[in-house]
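[1] Give the three-dimensional model of this entry:
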Amino acid sequence: MFSHRHLIFLKKESLSFLNNLRSYVLGCNMKKNVIIAIVGAGCEAVTIYQTLSRYSNTVIKYICDPNENAALFQIAKASGKAFEYIPSWHSLIKKQDVEIIFDLTDDEHIYNGLAQHKPHTCQLVGPTVAKVIAKALSEHDAKVEEQTKYLLHATHQLKAPFAAIQSYTDIIQGGYAGEVPKDVSKILNKINIRCNLLSESIKDMLTLASLTSNTTNDLMIECVSLKSVISNIIKKVNSIAKKQNIKINIQLNISDDRIETNLYQLEMLFSVLIENAISYSLAGSEVDITALERANNTVEVSIKDQGIGIAPTNHHKVFLEYFRTNEAAEHNQNGNGLGLAIVKKISDIHNFEINLKSELGKGTTFTILMPKRNKLTSKISTGLQ
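    Reported below is the predicted structural model:
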């Protein structure tokens, strides 16, 4: 048994390791995947799996346990994410690509064997520390869920007052409360613009909170026409592009454009990326939208602009909530830093792979690799949208 002081030390060490792991994952964003193996398939292993799976660049590639019917295997299969089943740790140590092994077996023989024979570049997390990490992750998830519920409630409470302010300013500007002096009209116009921006921010905050709180079981997966989704978005944003003299080129080289996904979330993802491409482009430039069929029944969609670009040092930050580069804030003061966080969350939910290629002043290309078949849920509709 451990003393209270020893347990506190272990928890601090575990949280330190967890924070380092998070930093490592975020730091490697769009550079490389972090390959993880889990040995054992019980409750603690499930907690570790579910939490680390939220990072798109954290790949739980190997699950090792003699019982193929254990809880973790069923959850991993249901997630739709690829993994390799390994019945014995003796086979796991031959995998040279694994970077972190979580051992949750409580078997000293297995731990010692892993410690002695694992690849020298691999970090081994033993049962005691792994279980403390699992507990810390569980507590962290509970706090995040509580914060998300509070955010949803608070932002809902803000919607009505802003809507009322907008209505009153519209009434006054319309002359329904008497003649409006020019100076007052200018002030009211500024109030209206600010209210619109705040309303958009509130909408994005609610969207992100909803994406965070909902489970994949809540999703309705439909057979969606990718061409139709992109065409409808182009129709909505075309007027904005024309105002800035930006030409949109579309080349969708796919014979079968049907994808099993959630229609609303797919529309949201491409709306953000296409609107961003226009918003951060230079006047008179072009935006290219292309789609290609790739191996393993996948589709690759790229949105390329000739805009302000993103410095490589900021590539791993652009999907963080509220992050905006100095160049983006200077070019477009109306952004709120939530659009790409929403894109990232949707990509994680659907097991999409998102990649960024950009240099400052040389434009930006976002590429989404999407599986045509979605294993998230059995709620499949056969009709095209």
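[2] Would it be right to say that residue 76 lies in a strand?
    No. Assignment of residue 76 by DSSP: H, G, I helix; E, B strand; the rest coil gives helix, placing it outside any strand.
[3] any idea how far it lies from residue 41?
    According to Cβ to Cβ, to the nearest Å, residue 76 and residue 41 sit 9 Å apart. Bear in mind the C-beta positions are built from the backbone N, C-alpha and C, glycine included.
[4] What sits closest to residue 70 if chain neighbours are left out?
    residue 41 (3.5 Å; Cβ to Cβ, 6 or more residues apart in numbering).
[5] What of residue 252?
    residue 291 is the one closest to residue 252 (Cβ to Cβ, 6+ apart), at 4.2 Å.
[6] what's the answer for residue 170, then?
    Nearest to residue 170 is residue 192, by Cβ to Cβ, 6+ apart, at 7.4 Å.
[7] quick one, what contacts that neighbour?
    Counting by Cβ atoms under 8 Å, 6 or more residues apart in numbering, residue 192 touches 166, 169, 170, 173.
[8] Mind listing the residues bridging to residue 251?
    Per DSSP bridges, the residues bridged to residue 251 are residue 290.
[9] Just the buried positions in stretch 91-108, please.
    Residues 92, 93, 95, 98, 99, 100, 101, 102, 103, 104, 105 are the ones in stretch 91-108 that count as buried (16 or more other Cβ atoms under 10 Å).
[10] Then stretch 187-196?
    Buried positions in stretch 187-196, judged by neighbour count with 16+ other Cβ under 10 Å: 188, 191, 195.
[11] ok, now stretch 120-131?
    122, 123, 124, 125, 126, 127, 128, 129, 130, 131.
[12] Which ones among those residues lie within helices?
    Counted as lying in helices by DSSP state H, out of the buried residues of stretch 120-131, are 127, 128, 129, 130, 131.
[13] of the residues you listed, closest to residue 239?
    The closest of these to residue 239 turns out to be residue 130 (Cβ to Cβ; 54.6 Å).
[14] residues in contact with that closest one?
    44, 48, 102, 103, 104.
[15] so the second one is in which element?
    Translated: residue 48. helix 43-52 (DSSP states H and E).
[16] what residue ranges in the stretch 151-300 of the chain score low on pLDDT?
    Counting by pLDDT under 70, the stretch 151-300 of the chain contains low-confidence residues at 151-159, 212-218.
[17] how about the strands in it?
    221-225, 247-253, 258-261, 286-294, 298-304 (DSSP state E, counting those that start in this stretch).
[18] Who are the contact partners of the nearest residue to residue 286 once chain neighbours are set aside?
    Sequence neighbours aside, residue 247 is the residue nearest to residue 286 in space, at 4.6 Å (criterion: Cβ to Cβ, 6+ apart). Residue 247 makes contact with 241, 285, 286, 287, according to Cβ under 8 Å, 6+ apart.
[19] Show the contacting residues for residue 208.
    Applying Cβ under 8 Å, 6+ apart, the residues contacting residue 208 are 321, 338, 341, 342, 345.
[20] In PyMOL, how would I select the buried members of these?
    Of these, the buried ones can be selected in PyMOL as follows, counting by 16+ other Cβ under 10 Å:
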select buried, resi 321+338+341+342+345
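[21] ok, back up a step: number of nearby residues for the residue nearest to residue 252?
    19 (other Cβ atoms under 10 Å).
[22] what's near enough to touch it?
    By Cβ under 8 Å, 6+ apart, the residues touching residue 291 are 226, 227, 230, 251, 252, 253, 254, 257, 299, 300, 301, 302.
[23] what bridges to the last one?
    Note on residue 302: beta-bridge partners residue 290, residue 367, judged by DSSP bridges.
[24] per-residue confidence at it?
    The per-residue pLDDT reported for residue 302 equals 95.
[25] Could you count how many residues lie near it?
    Under the criterion other Cβ under 10 Å, the count of neighbours that residue 302 has is 18.
[26] Confirm for me that it is in contact with residue 367.
    Yes. Counting by Cβ atoms under 8 Å, residue 367 is a contact partner of residue 302 at 4.6 Å.
[27] from the buried residues of stretch 91-108, which ones fall inside strands?
    100, 101, 102, 103 (DSSP state E).
[28] Relative to residue 183, how far out is the last one?
    The reference is to residue 103. 71 Å.
[29] cool, and the second one?
    Using Cβ to Cβ, one gets 69 Å for the distance from residue 101 to residue 183.
[30] domains for this structure, by residue range?
    4-137, 147-213, 218-381 (automatic domain parsing).
[31] Excluding residues flanking it in the chain, which one is nearest residue 341?
    In this structure, residue 341 finds its nearest non-sequential neighbour in residue 321, 4.5 Å apart by Cβ to Cβ, 6+ apart.
[32] and what of residue 314?
    Among residues not flanking residue 314 along the chain, residue 325 sits closest, at 5.3 Å (Cβ to Cβ, 6+ apart).
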